[in-house]
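**Q** got a sequence here, can you model it:
(2 chains)
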Number of protein chains: 2
Amino acid sequence: MLDVAVAEARAGLAEGGIPIGAALFASDGTLLGRGHNRRVQDGDPSMHAETAAFRAAGRQRDYRKTIMVTTLSPCWYCSGLVRQFGIGAVLVGEAQTFSGGHDWLAEHGVEVTVLGDERCVGLMTDFVAARPELWFEDIGEVP
Amino acid sequence: MLDVAVAEARAGLAEGGIPIGAALFASDGTLLGRGHNRRVQDGDPSMHAETAAFRAAGRQRDYRKTIMVTTLSPCWYCSGLVRQFGIGAVLVGEAQTFSGGHDWLAEHGVEVTVLGDERCVGLMTDFVAARPELWFEDIGEVP
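**A** Predicted coordinates:
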């Protein structure tokens, strides 16, 4: 499932955007929605990877058995999304280059798995080194 | 400032949507963005009132002196937005019909003001009574 999120992150990078991708799956592995960060592409600060995947999945009535897969630890905005909608599980590609609210989600009953995927680490390490101002803008950090 | 959010909520209701409105202001009172819940109108579960107002404000570099005004206590998704982007203050129309993460935001340094605005209470009380299934869908509650 992480491959889909990585493909989204790479697509975002190829578009000149921030390389974070995500996908929402049903418990049987059916892909419900996929997306990537669109701050640069659409000038839209509300479209983080996770919110883009959630949006692409359309209106759902019950998220309890869904799995949010993301290349990077979800920020508070995206962690809040997971908690509010009762998404049952989160699979995180890596939490080394940024650590958001995944521990908070685990405390609130979400099944959280954090991998140390080298593709994900590489994408963000390279991007933050190349475009730090864009990355800090994306997480609301003021220099 | 709450009048703008109430006008947004009423516009959403007139469109057949969920009557929650929000607006993001600069510290000097300049309106940066305004919006309302668009779940029904756009089939978009990611557009809560606060995220719509945030999106409408476009890319901003520093939210610390901005004020998010919303007709209803922000859910975890929208509270996470406020925390991640460092929005300095939140003005809540009412928290009687729904209470989200505004106390959590206050604990994390956000200046939170909760009013008991009768227009806001009336909009949500009437809506939840008329369309409970839509309201519960909007906050991810499964019957």
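
**Q** element containing the closest residue to chain B within chain A, please.
**A** Distance from chain B to each residue of chain A (CB to the nearest CB) is smallest for residue A:80, at 2.3 Å. (Glycine included, C-beta is placed from N, CA and C.) Following DSSP states H and E, one finds residue A:80 within helix A:76-85.

**Q** can you give me the offset of that helix from its chain's centre?
**A** For helix A:76-85, the separation from the chain centroid amounts to 11 Å (computed by CA atoms, centre = their mean, to the nearest Å).

**Q** packing partners for it?
**A** helix A:49-56, helix A:102-107, helix B:76-85 (3 or more CB pairs under 8 Å, 6 or more residues apart in numbering or on different chains; DSSP states H and E).

**Q** buried sites along the helix or strand just after the shortest one?
**A** Same thing as helix A:102-107. Toward the C-terminus, helix A:102-107 is succeeded by strand A:111-114 as the next helix or strand (DSSP H and E). For strand A:111-114, the buried set under the neighbour-count rule, 16 or more other CB atoms under 10 Å in any protein chain shown, comprises A:112, A:114.

**Q** name the helices or strands packed onto strand A:111-114?
**A** With contacts defined as 3+ CB pairs under 8 Å, 6+ apart, strand A:111-114 has these neighbours: strand A:89-92, helix A:102-107.

**Q** turn those into JSON lines, columns for mean neighbour count, mean pLDDT and distance to residue B:45.
**A** Compiled in JSON lines, those are given as follows (neighbours: other CB atoms under 10 Å in any protein chain shown; pLDDT from 0 to 100; distance: least, CB to CB, whole Å):
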{"stretch": "strand A:89-92", "mean neighbour count": "22", "mean pLDDT": "98", "distance to residue B:45": "17"}
{"stretch": "helix A:102-107", "mean neighbour count": "17", "mean pLDDT": "98", "distance to residue B:45": "19"}
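
**Q** what number of residues lie near residue A:98?
**A** Counted with other CB atoms under 10 Å in any protein chain shown, the neighbours of residue A:98 add up to 16.

**Q** element containing it?
**A** Residue A:98 is part of no helix or strand when elements are defined by DSSP H and E.

**Q** correct me if wrong: residue A:105 contacts residue A:95.
**A** No: at 11.8 Å, residue A:105 does not count as touching residue A:95 under the criterion of CB atoms under 8 Å.

**Q** chain B contacts on chain A?
**A** Remark: the part of chain A in contact with chain B comprises A:39, A:43-46, A:51, A:54-55, A:57-64, A:75-81, A:83-86, A:100-101, A:137, A:139-142, using CB under 8 Å from any CB of the partner chain.

**Q** tell me the average confidence for the helix holding residue A:80?
**A** Per-residue pLDDT values over helix A:76-85 give a mean of 98.

**Q** list the buried residues of it.
**A** By 16+ other CB under 10 Å, the buried positions in helix A:76-85 come out as A:76-85.

**Q** quick check, nearest of the residues you listed to residue A:15?
**A** Sorting the buried residues of helix A:76-85 by how near they are to residue A:15, with CB to CB, puts residue A:78 at the top with 19.8 Å.

**Q** just to be sure, residue A:23 is in a strand?
**A** Yes: read with DSSP: H, G, I helix; E, B strand; the rest coil, residue A:23 is one of the residues of a strand.
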